[in-house]
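Trainee: Give me a model of this one.
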Amino acid sequence: MKQLFNEDERGQVGIGTLIVFIAMVLVAAIAAGVLVNTAGFLQATAEDAGQESVDKVTNRVEVINQHGTVGLDETISNMTLTVRLAAGSGAVDMNTTSIKYLSGSQVTTLTNSSDTVDYPAGDGDEFNLTKVTDDDGSFGVLNSRDDRYEVTINASAIEGGNQYTGLDTGEKIELDITSQTGGTTQVILTMPQQLAGKDTGEPVKL
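Mentor: Numbers count the residues shown, from 1 in each chain. Take a look at the predicted model:
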């Protein structure tokens, strides 16, 4: 009867199989480690991207009222917006917030000045920020729905650079108020159709 197994070679075959098995386990462990690290990186990236997307939608201001100020030659010389945090928004730093101003003849981006001495209504490159309510003394940062700031834009400085220019009656402008995280509030303002009986410096509803 033919012998089916060589007793002298059994140990050698067993060691070879064991080596191959250990190598496969090591390769599988390394591959699993790479997969786990990659999955963790992708998860962190997805969470960051998701948070940025949420911030772009929620972290923004809400305009609750607005008015203009009558300038010379029956124009609107500046506009004032009262802002607060939008519902569900985190804190918004107005010092890093920008306002894109678009009229029929001008387009510019304004940043915060808050220089109430030299430019009470801001200048051609900046808007002015003043406090209405701010209980915790963090002026410049809206961090509560109870905070209220006034944003003033000097239309005369933007439109022509002097007090004799401004926005004409019936003219429309578009304002995009964008926070540092990208949350944007769009406001469209229409100047009054006529300013008869209004004196220079008087407020008018927009």
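
Trainee: any idea which residue sits dead centre in this structure?
Mentor: The chain has Gly182 as the residue nearest its centroid, 2.4 Å off, counting by Cα atoms, centre = their mean.

Trainee: count of residues packed around Glu150?
Mentor: Neighbourhood size, Glu150 [other Cβ atoms under 10 Å]: 17. Any C-beta I mention is one placed from the backbone N, CA and C, and that applies to glycine too.

Trainee: wait, isn't it in contact with Val132?
Mentor: Yes: counting by Cβ atoms under 8 Å, Glu150 does reach Val132; the two are 5.8 Å apart.

Trainee: re the thing from before, helix/strand/coil for the residue nearest to the centre of the chain?
Mentor: coil (DSSP: H, G, I helix; E, B strand; the rest coil).

Trainee: What about the nearest residue to Glu171 once chain neighbours are set aside, how many residues nearby?
Mentor: Leaving aside its sequence neighbours, Glu171 sits nearest to Met191 (Cβ to Cβ, 6 or more residues apart in numbering; 4.8 Å). For Met191, the count of nearby residues is 22 (other Cβ under 10 Å).

Trainee: follow-up on the earlier one: ok, now how distant is the residue nearest to the centre of the chain from Leu85?
Mentor: Taking Cβ to Cβ, to the nearest Å as the measure, Gly182 falls 16 Å from Leu85.

Trainee: Can you name the element that comes right after the lowest-mean-pLDDT helix or strand in the chain?
Mentor: Least confident helix or strand of the chain, by mean pLDDT, DSSP states H and E, is helix 10-58 with a mean of 71. Next along the chain after helix 10-58, taking DSSP states H and E as the criterion, comes strand 61-70.

Trainee: Quick check: Gln193 touching Glu171?
Mentor: No: between Gln193 and Glu171 there is no contact, the gap being 10.2 Å when judged by Cβ under 8 Å.

Trainee: between the two, which one's more packed in?
Mentor: Counting neighbours by other Cβ under 10 Å for Gln193 and for Glu171 shows that Glu171 has the greater number, 18 against 8.

Trainee: Next, the more buried one: phi, psi?
Mentor: Phi and psi for Glu171, reported as degrees, to the nearest 10, are phi -70, psi 150.

Trainee: Same question for the one 4 residues further on.
Mentor: Torsion angles at Leu175 (phi, psi; degrees, to the nearest 10) stand at phi -120, psi 130.

Trainee: bridging residues for it?
Mentor: Bridge pairing for Leu175 (DSSP bridges) gives the partners Tyr101, Val187.

Trainee: count of neighbours near it?
Mentor: Leu175 has 22 nearby residues by other Cβ under 10 Å.

Trainee: quick one: low-confidence ranges for the chain?
Mentor: In the predicted model of the chain, residues 1-14, 45-58, 114-122, 163-164 satisfy pLDDT under 70.

Trainee: Break it down into its domains, please.
Mentor: 7-58, 60-205 (automatic domain parsing).
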